[in-house]
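**Q** Predicted coordinates and the sequence they were generated for:
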Amino acid sequence: MKTKESSEFGRGGELNTIIGKGTVIEGEMRVQNSMRIDGRIKGKISITETAIIGKDGEVEGRINARHVMLAGKVQGNIVASGKVLLESKASVLGNIKASRLVVDEGALFDGNCHMKEGKELKESTEEGSTVKNTGE
């Protein structure tokens, strides 16, 4: 039986791209459906469904996805039309735009968060729009 949370993250049969541990990729990636990252990516990533960054996964660059589940490290901005989940070992050095944000105890988040619902968020995150980090 599927729980609401697992179906919300689109993990059922739609995970069609896996970047394995030890793999390093540089450049822009566009992925249909969901993707799991256990290696290292440097560049912009656009995913139509869920981005899953495992505990050994690292991303240096912007992530655009419907949902983001993060246990590894991201240095860059995250834009999600749905939910962003930062697990206890996650590290984000950048800004987050999302409809919902869940931060487990122990996660590191150094940046700003901007939250809006679905359509409003999509309209405010057109290519070229940025979130300024005003932290000191």
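**A** The structure has been received and is ready for your questions. Residues are numbered from 1 along each chain as shown.

**Q** nearest residue to Gly39 other than its sequence neighbours?
**A** Counting by CB to CB, 6 or more residues apart in numbering, Gly39 lies nearest to Thr23, which is 3.4 Å off, once chain neighbours are set aside. Placement of C-beta: from N, CA and C, glycine included.

**Q** What of Gly72?
**A** Closest residue to Gly72 apart from its sequence neighbours, by CB to CB, 6+ apart: Gly57 at 3.6 Å.

**Q** now that neighbour: how far from Gly20?
**A** Using CB to CB, to the nearest Å, we find Gly57 at a distance of 10 Å from Gly20.

**Q** Give me the more crowded residue out of the two.
**A** Taking other CB atoms under 10 Å, Gly57 and Gly20 do not tie; Gly57 has more neighbours (24 against 12).

**Q** residues in contact with that one?
**A** By CB atoms under 8 Å, 6 or more residues apart in numbering, the contact list for Gly57 reads 19, 36-40, 71-73.

**Q** Check it and give its pLDDT.
**A** For Gly57, the pLDDT comes out at 97.

**Q** returning to what we had before: quick one: the residue nearest to Gly72 from Ser34, how far?
**A** Going from Gly57 to Ser34 by CB to CB gives 14 Å.

**Q** Which of the contacts of Gly57 ranks first by neighbour count?
**A** In terms of neighbours by other CB under 10 Å, those top out with Ile37 at 28 neighbours.

**Q** Identify the contacts common to Gly57 and Gly20.
**A** Contacts common to Gly57 and Gly20, judged by CB under 8 Å, 6+ apart, are 38-39.

**Q** Return the set of residues that bridge with Ser46.
**A** Beta-bridge partners for Ser46, by DSSP bridges, are Arg30, Asn64.

**Q** Run through the helices of this structure in chain order.
**A** All helices of the chain, identified by DSSP state H, fall at 4-8, 118-124.
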